[in-house]
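**Student:** 3D model of this:
(4 chains)
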Number of protein chains: 2
Amino acid sequence: MATRITARRDNQRHRTRKDLLAAAARLLKQGRTPDMDEVAAEAMVSRATAYRYFPSIDAVLVEAPLDGVIPDPRQVFPADDASTDPADRIDRAEAALHEACYRHEAQLRLMLAASLERTAKGSRRDAIPVRQNRRTPLIEEALAPARRRLSKPAYSRLCAALAMIFGTESMIVFQDVLGMDQRTARTVKRWAVRALVAAAMKDSERQE
Amino acid sequence: MATRITARRDNQRHRTRKDLLAAAARLLKQGRTPDMDEVAAEAMVSRATAYRYFPSIDAVLVEAPLDGVIPDPRQVFPADDASTDPADRIDRAEAALHEACYRHEAQLRLMLAASLERTAKGSRRDAIPVRQNRRTPLIEEALAPARRRLSKPAYSRLCAALAMIFGTESMIVFQDVLGMDQRTARTVKRWAVRALVAAAMKDSERQE
DNA sequence: CTTGACACGAGACTACAGTCTCATTATGAT
DNA sequence: ATCATAATGAGACTGTAGTCTCGTGTCAAG
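**Tutor:** Below is the predicted model of the structure:
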């Protein structure tokens, strides 16, 4: 009799969920601002089903995969890369992410806005997931050659500080708050990340 | 006869507009997420009138005054304040803004989300104004005693870099991306702003 | 094959954002 | 005080986000 806590068709469900996220990513990549109907249609499921998997369109957009949008660490630092200077590597990583952020500005703005609805529009729906974090792997890969030269607290402090500078949010500050163009923003960030890396290295020297 | 391009009742209009913004600010301060009906009711005007002054509820929320929410420079640095060390002053300003941001997190998240709809939801309505900028006056006041010791490019570069760290956006990074608590965030920012100020000072020394 | 649980589709329903029209009120010039 | 008109109020109307219900198809255990 009854399948107890029977196999809950996990395969089917995972596939449906993945299809929805992939559909959202496709639509975002072509510059659209999809509503739930479009995502559902693109994923070839009904709207009701889409809402069974995600409480709101925002939740879908926040979780939509960013493959091909945000640079992969292995792409910025290939296996045969011999660079060791952490400042240069951090600067290179920042340059790549900077370029990607401005190139996909519309999509990233949309995803950031969607993630902010947490407290905002619907305190009723509690489910919007935490942001994706593609910047930390990038930062850690850039800092890898220097990691042993930094104390643990200095290292995590530096990573966190760089995370403020690396993502979409700094683009928002430069554009919407400061009214600054992309090139100037890049020079400011270049200077800042180098200053922070240098300061962290110096702190750890002192400690030895 | 006709009052030509007669007085356009500017008083009345300014008063109505101000009432709407003040009403929005009151509702935001009590933690609500007001819709246009609520703002209009609180301002004691009809919904239609509210929409005559602002193209969307988002536009109202972005422009809602932040008096008493974001610390005023004159309050952080009173006239009789004799401090001159730029790092200490910047740190003090950051501490004040940090506290304010976390205290009014809900409102600031809402205002940020509203301002992001620029490209997002409605490409149809083009009217959402640019963000308010309360951080730059604070940063400039903190840096005032050291301004003459910095070259013009170094100064504006430092201001821009600090602006990345000072506002709501860094709180979003620490909370939503890094999952970091308020105290740890504060220590990271304290370290970062001091490192940046020191680096800027050192750059300018070198130049002399 | 049968059967029960589960995923799904279709569509009605509520709530809010934003637009529009028309009647009413209030302002300021005369 | 009077009058033309700008500002407003009332409310209908559209479109979309999200909820809910019910009927259908399908998977898997017996």
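**Student:** what secondary structure does A:A146 sit in?
**Tutor:** Here A:A146 is recorded as helix under DSSP: H, G, I helix; E, B strand; the rest coil.
**Student:** Hmm, it is touching A:M201, no?
**Tutor:** Yes: taking Cβ atoms under 8 Å as the definition, A:A146 is a contact partner of A:M201 at 7.0 Å. C-beta: built from backbone N, CA, C; applies to glycine.
**Student:** These two: who's more crowded?
**Tutor:** Counting neighbours by other Cβ atoms under 10 Å in any protein chain shown for A:A146 and for A:M201 shows that A:A146 has the greater number, 20 against 17.
**Student:** Relative to A:R190, how far out is that one?
**Tutor:** Applying Cβ to Cβ, to the nearest Å, the value for A:A146 to A:R190 is 18 Å.
**Student:** Same check on A:Q132?
**Tutor:** 25 Å.
**Student:** Ok, A:L116 next?
**Tutor:** 28 Å.
**Student:** Looking at the two now, which is surrounded by more residues?
**Tutor:** Between A:L116 and A:R190, counted using other Cβ under 10 Å, A:L116 has the larger neighbour count: 25 against 18.
**Student:** how far does the helix or strand containing A:R52 sit from the chain's center?
**Tutor:** Per DSSP states H and E, A:R52 falls inside helix A:47-53. Taking Cα atoms, centre = their mean, to the nearest Å, the mean C-alpha location of helix A:47-53 is offset from the chain mean by 25 Å.
**Student:** Name the next helix or strand following it along the chain.
**Tutor:** Next in sequence after helix A:47-53, counting helices and strands by DSSP H and E, comes helix A:57-63.
**Student:** Give me the below-cutoff pLDDT ranges for chain A.
**Tutor:** For chain A, the stretches with pLDDT under 70 are A:1-9, A:118-129, A:206-208.
**Student:** Longest helix in it, by number of residues?
**Tutor:** For chain A, the longest helix by residue count, based on DSSP state H, is helix A:182-207.
**Student:** hmm, it in reach of chain B?
**Tutor:** Yes: against chain B, helix A:182-207 shows contacts by Cβ under 8 Å from any Cβ of the partner chain at A:T184, A:A185, A:T187, A:V188, A:K189, A:W191, A:A192, A:A195, A:L196, A:A198, A:A199, A:A200.
**Student:** The closest residue to A:R26 other than its chain neighbours and A:L20, how far apart?
**Tutor:** Ranked by Cβ to Cβ, 6 or more residues apart in numbering or on different chains and with sequence neighbours excluded, the top spatial neighbour of A:R26 is A:E42, at 6.3 Å. A:E42 sits at a distance of 9 Å from A:L20 (criterion: Cβ to Cβ).
**Student:** Please apply the same query to A:A82.
**Tutor:** Shown here: A:A82 relative to A:L20, a distance of 42 Å by Cβ to Cβ.
**Student:** which of the two has more neighbours?
**Tutor:** Neighbours per residue (other Cβ under 10 Å) separate A:A82 from A:L20, with A:L20 holding more: 25 against 6.
**Student:** For that one, give me phi and psi.
**Tutor:** phi -60, psi -50 (degrees, to the nearest 10).
**Student:** So which of the residues of helix A:182-207 next to chain B wins on neighbours?
**Tutor:** That'd be A:A192 among the residues of helix A:182-207 next to chain B, by other Cβ under 10 Å, with 28 neighbours.
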